[in-house]
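Colleague: I would like the atomic coordinates for the input below:
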Amino acid sequence: MINKEEIRKKIIVSAGQIFSHYGFKKTTMDEIAKALKMGKSSIYYYFESKEDIFEAVVLYEANVLRNELTTAIKAVESPIEKMRSYVFVRMKSFEKLSNYYNAIFDKNLDHFDFIETIREKYDREELAILRLIIYHGARKKVFNVVNSEYTAMAVQTTLKGLEVPLFWKKKEMNIENRLNAILDVLFYGIVKNK
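Modeller: Residues are numbered from 1 along each chain as shown. Below you'll find the predicted structure:
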């Protein structure tokens with residue numbers, strides 16, 4: 001018996017690779033069908049349109065990212081290591097999950113309603129995770145934080161500011177060195193202790 005969910009997932013994964021390579025606009029249903037060795041009509045049985053497939057791809061990648069972040073955070077105990085793991089996994093995952101990254105940041109995709117919903121959900125989820133890491137770090141007296149909400153927003157803003165330069169110049173630099181430098185400033189500041 002054919003498992004409908006398995007076929008949907010196969011379409012999502014394959015289409016994700018094509019979208020990642022050609023971008024949303026240049027990808028055609030013919031290319032997706034050809035890559036899957038399926039007829040277009042078979043794909044339309046599972047998805048109504050190219051936009052429908054793209055939405056499923058983005059949601060699939062968002063789920064992959066969420067799972068990777070959760071695993072990374074749970075794998076370590078100290079708040080510093082939780083923050084370090086979160087930052088590294090987040091930035092490295094965006095390299096792999098290019099469709100999700102494009103959906104979050106590409107202004108050419110703004111006309112899709114689902115993109116804005118995904119962006120808002122992503123921001124909320126990220127702030128909640130950061131707030132939790134910072135709150136636990138403050139309770140354990142590892143982080144010196146007055147307001148975990150504002151601190152989480154500041155960290156999120158910093159990470160977002162890093163995304164574009166990291167991905168524009170990724171061939172020219174060592175991302176790990178750049179992230180470690182950022183984390184040093186985040187953890188230890190720039191003001192010399194007296």
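Colleague: Quote the end-to-end distance of stretch 17-36.
Modeller: End-to-end distance of stretch 17-36 (CA to CA, to the nearest Å): 11 Å.
Colleague: and that stretch, average pLDDT?
Modeller: Regarding stretch 17-36, the rounded mean pLDDT is 89.
Colleague: Equivalent analysis for stretch 89-109, please.
Modeller: Rounded mean pLDDT across stretch 89-109 is 75.
Colleague: So which bits of it are buried?
Modeller: 89-94, 97-104, 109 (16 or more other CB atoms under 10 Å). Using the backbone N, CA and C atoms, a C-beta is placed for each residue, glycine as well.
Colleague: Closest one of the residues you listed to residue 40?
Modeller: Distance to residue 40 across the buried residues of stretch 89-109 (CB to CB) is lowest for residue 99, with 20.4 Å.
Colleague: Give me the helices and strands touching the helix or strand hosting that closest one, please.
Modeller: Using DSSP states H and E, residue 99 falls within helix 98-105. Helices and strands touching helix 98-105, by 3 or more CB pairs under 8 Å, 6 or more residues apart in numbering; DSSP states H and E, are helix 4-26, helix 50-74, helix 113-139, helix 148-168.
Colleague: what's the most buried one of the ones you listed?
Modeller: Compared across those, helix 50-74 shows the largest average neighbour count, a mean of 18 (mean count of other CB atoms under 10 Å).
Colleague: Show the pLDDT at residue 167.
Modeller: For residue 167, pLDDT reads 59.
Colleague: Lowest-scoring secondary structure element of this protein by mean pLDDT?
Modeller: Here the helix or strand of the chain ranked lowest by mean pLDDT, DSSP states H and E is helix 98-105, holding a mean of 72.
Colleague: and the angle for that one with helix 148-168?
Modeller: Between the axes of helix 98-105 and helix 148-168, defined by axes from the mean of the first three to the mean of the last three CA atoms, to 10 degrees, the angle is 120 degrees.
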